[in-house]
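Trainee: structural data only, the sequence is not supplied:
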């Protein structure tokens, strides 16, 4: 029996500019399932540059950045690749594509 390495499992949906509501829910579930939600919701802000844990935090954050960027349609990647943290990417995508119609998204944005 073959069990794929869960660290290489891809997010099964690509944000194409028209499916933000579905995409954001799927991506949030994926990130939460990896116990990394704090990197996009401010529960795990970056430690100070002198904190010994900064290297580990940056490594984890870069992993989430990779997940987010890899879940975008290639035509959108250049709009978001320059942001320094996963949270900055997540927030910028929300600002760009959230249309205000989904009340669950409104709640998430206000948190």
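Mentor: Sure, I can see it. In this text the structure is predicted, and so the values were computed from the model without any measurement. Numbering: from 1, shown residues only.

Trainee: the residue most central in space within the chain and residue 53, how far apart?
Mentor: Nearest residue to the geometric centre of the chain (Cα atoms, centre = their mean): residue 68, 4.5 Å. Here the criterion is Cβ to Cβ, to the nearest Å. By it, residue 68 lies 22 Å from residue 53. C-beta coordinates here come from the backbone N, C-alpha and C atoms, glycine included.

Trainee: can you check residue 47 too?
Mentor: Taken as Cβ to Cβ, the span from residue 47 to residue 53 is 5 Å.

Trainee: same drill for those two, tell me which one is more crowded.
Mentor: residue 47 (14 against 11; other Cβ atoms under 10 Å).

Trainee: so that one touches residue 57, yeah?
Mentor: Yes. Counting by Cβ atoms under 8 Å, residue 47 touches residue 57, with 5.6 Å between them.

Trainee: skipping adjacent residues, who's closest to the residue nearest to the centre of the chain in space?
Mentor: Leaving aside its sequence neighbours, residue 68 sits nearest to residue 89 (Cβ to Cβ, 6 or more residues apart in numbering; 5.0 Å).
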